[in-house]
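A.B. asks: here's my sequence, what's the structure:
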Amino acid sequence: MAYYNRPPINELNLFFFDCETGGLRPGVADMVEVACVLTDPTGSKVLDEFCAKVFPLKEVHPKAAAVNGYTAEKWAEAAVDLDKAMVPLLRMARNSLFAAHNAAFDWGFFEFAMAQRAMRWPSDYHRIDTVALAHPLLVSRRVSNVKLVTLAKYFEFEFKDAHSALADAHMCRKVYCALMEIYAPFFDQA
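C.D. replies: The predicted model follows:
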């Protein structure tokens with residue numbers, strides 16, 4: 001499909017993505033878990049979700065494993081090859097905007113995985129970053145940082161299983177919707 005045949009950006013679904021990784025740099029570390037929550041363009045209606053633990057090909061750094069709970073034993077029972085996980089992710093991504101908490105980090109790993117498989121993002125190139133959207137809360141000192149756990153607490157959301165990909169993708173969506181409610185009065189003035 002040619003780019004110009006895609007829906008306008010305001011009609012694209014939102015693809016809230018999160019990955020847990022074996023380190024901090026794509027190419028040096030692999031994703032060990034991937035998840036997305038697909039919503040309507042407002043972020044309020046969940047249309048679909050996907051989550052998979054994936055086999056890392058590179059060694060997982062102990063600090064990363066301490067954060068995301070990776071163990072070779074746990075992953076041996078439930079993990080799939082990243083090739084298998086990328087197919088449903090990219091199918092769900094069609095006509096959607098990539099959204100994440102710290103989008104540059106997640107996009108870096110996602111983009112690297114696509115490039116390794118000769119795949120490409122099947123939609124618009126714009127990305128939504130809830131870290132950037134939450135920056136005014138930090139500047140106004142309503143929050144001490146823009147970590148997902150901090151924002152969940154600020155909005156009084158119960159956040160179980162932080163640093164598991166699906167829980168983080170769902171929380172990213174909730175934080176996005178809460179931020180949009182804060183900004184709604186500014187949109188109404190236009």
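
A.B. asks: can you pull out the low-pLDDT segments for this structure?
C.D. replies: In the predicted model of the chain, residues 1-4, 189-190 satisfy pLDDT under 70.

A.B. asks: which secondary structure element is home to Thr42?
C.D. replies: Under the assignment given by DSSP states H and E, Thr42 is not contained in any helix or strand.

A.B. asks: for it, what are phi and psi?
C.D. replies: Its backbone dihedrals place Thr42 at phi -80, psi -20, with angles given as degrees, to the nearest 10.

A.B. asks: show me which positions of the longest helix seen in the chain end up buried.
C.D. replies: Scanning the chain for the helix with the most residues, using DSSP state H, yields helix 165-188. Along helix 165-188, these residues count as buried under the neighbour rule (16 or more other Cβ atoms under 10 Å): 165-176, 178-179. C-beta here means a position set from N, CA and C on the backbone, and glycine is covered the same way.

A.B. asks: got the contact list for that helix?
C.D. replies: Residues from elsewhere that reach helix 165-188, judged by Cβ atoms under 8 Å, 6 or more residues apart in numbering: 14, 16-20, 33-37, 39, 42-44, 46, 49, 51, 99-101, 128, 130, 133-134, 148, 151-152, 155, 157, 159-162.

A.B. asks: at 6 Å instead, please
C.D. replies: The set of residues that contact helix 165-188 without belonging to it, under Cβ atoms under 6 Å, 6 or more residues apart in numbering, is 16, 18-20, 33-37, 43-44, 51, 101, 130, 133, 148, 151-152, 155, 157, 159, 161.

A.B. asks: list only those of those residues flagged as buried.
C.D. replies: For the contacts of helix 165-188, a burial check counting by 16+ other Cβ under 10 Å picks out 16, 18-20, 33-37, 43, 51, 101, 130, 133, 148, 151-152, 155, 159.
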